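Peer 1: model this:
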Amino acid sequence: MKNLENYGVQELNSTEMNETNGGLTITIGTGGVGNLIGGVVSNVAGIVGGVVSLVAQLLGGISVSVSADAEV
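Peer 2: Presented below is the predicted three-dimensional model:
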């Protein structure tokens, strides 16, 4: 929209934004981001490990027999 000032709309300053948000300020430091990434990587590694284990069990249950007497 153009010319919001014509409708009495004004930009909020940081104090007004904080009050409008109910006083909630979210800050994530570099340690928090590192912990988040580490947790995600750990979860993905666990899931991949589980899938590899499942596939290995499924493949281990397959038996193949070959007969030299088969006609061609």
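Peer 1: return the distance of the helix or strand containing A45 from the chain's centre.
Peer 2: Assessed by DSSP states H and E, A45 sits inside helix 30-60. Centroid displacement of helix 30-60 relative to its chain, using C-alpha atoms, centre = their mean, to the nearest Å, is 12 Å.
Peer 1: helix/strand/coil for E19?
Peer 2: Following DSSP: H, G, I helix; E, B strand; the rest coil, E19 is assigned to helix.
Peer 1: pLDDT wise, what is it at?
Peer 2: Note on E19: pLDDT of 73.
Peer 1: neighbours around it, how many?
Peer 2: Using other C-beta atoms under 10 Å, E19 has 11 neighbouring residues. For every residue, glycine as well, the C-beta is placed using N, CA and C.
Peer 1: for the lowest-mean-pLDDT helix or strand in the chain, list the C-alpha coordinates in CSV.
Peer 2: When each helix and strand of the chain is scored by mean pLDDT, DSSP states H and E, helix 14-20 comes last, with a mean of 75. C-alpha atoms of helix 14-20 as CSV (Å, rounded to 0.1, in the frame of the first residue of the first chain):
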residue,chain,number,x,y,z
SER,A,14,11.6,-0.7,19.1
THR,A,15,9.9,0.0,22.5
GLU,A,16,6.4,0.0,20.9
MET,A,17,7.2,-3.2,19.0
ASN,A,18,8.3,-4.8,22.3
GLU,A,19,5.1,-3.7,24.0
THR,A,20,3.0,-4.9,21.1
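Peer 1: and the helix holding A45, average pLDDT?
Peer 2: Averaged across helix 30-60, pLDDT comes to 86.
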